[in-house]
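Trainee: sharing a model that was predicted from the sequence below.
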Amino acid sequence: KIWKIDNGTCLRDILAYSNSSISCLALSPDASHILTTAASSTNDCREYGMRTNRLLKEFRGHSSFCNTCHYYMTTDTDDAQQQLRVMTASADGTARIYDGKTSHILLVLRPQQGLLLSNVGMSIVEQMGNVASHGEGSPNFHP
């Protein structure tokens, strides 16, 4: 549920997954969309419109349930445009980065043993450093 803090009114009741509780919810940078994950058999992350409460996109590719999801903005080095990205981490041991507009997988991260995915932001930052410094030859680069 999404609540209005000042008066306790329920604004949205998100019924994203049947028979599964939402495990993570993230609000888009402009507050117009919501990402959700759950321990469900679909193994996906879903994006809903805040105004319509309609399913807009599914971010797929994990082989086990998603634990967490996040939005972030990145700058394209070619044209300096801000690009929306979606990050997910899963019980399958991977983290994935998707294009926020198309939901296409841009990067699959398979962390080294001992790197925890529970702190997905730090894990992805560490792994992105490996990709940036080692390029496509890096064992952590899986487009």
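Mentor: Thanks, I have it. Numbering: from 1, shown residues only.

Trainee: hmm, who's touching the helix or strand where residue 68 lies?
Mentor: Taking DSSP states H and E as the definition, one finds residue 68 inside strand 66-75. With contact meaning C-beta atoms under 8 Å, 6 or more residues apart in numbering, strand 66-75 is reached by 23-29, 33, 35-38, 43-45, 59, 81-91, 100, 117-118, 120-121. Quick note: C-beta positions are derived from backbone N, CA and C, even for glycine.

Trainee: among those residues, name the ones in strands.
Mentor: Members of those lying in strands (criterion: DSSP state E): 23-27, 33, 35-38, 45, 59, 82-90.

Trainee: OK, contacts around residue 60?
Mentor: Contact analysis of residue 60 by C-beta under 8 Å, 6+ apart lists 42-44, 103.

Trainee: run the last query once more with 6 Å
Mentor: Neighbouring residues of residue 60 by C-beta atoms under 6 Å, 6 or more residues apart in numbering: residue 44.

Trainee: and for the one 3 residues further on?
Mentor: Under the criterion of C-beta under 6 Å, 6+ apart, the neighbours of residue 63 are residue 92.
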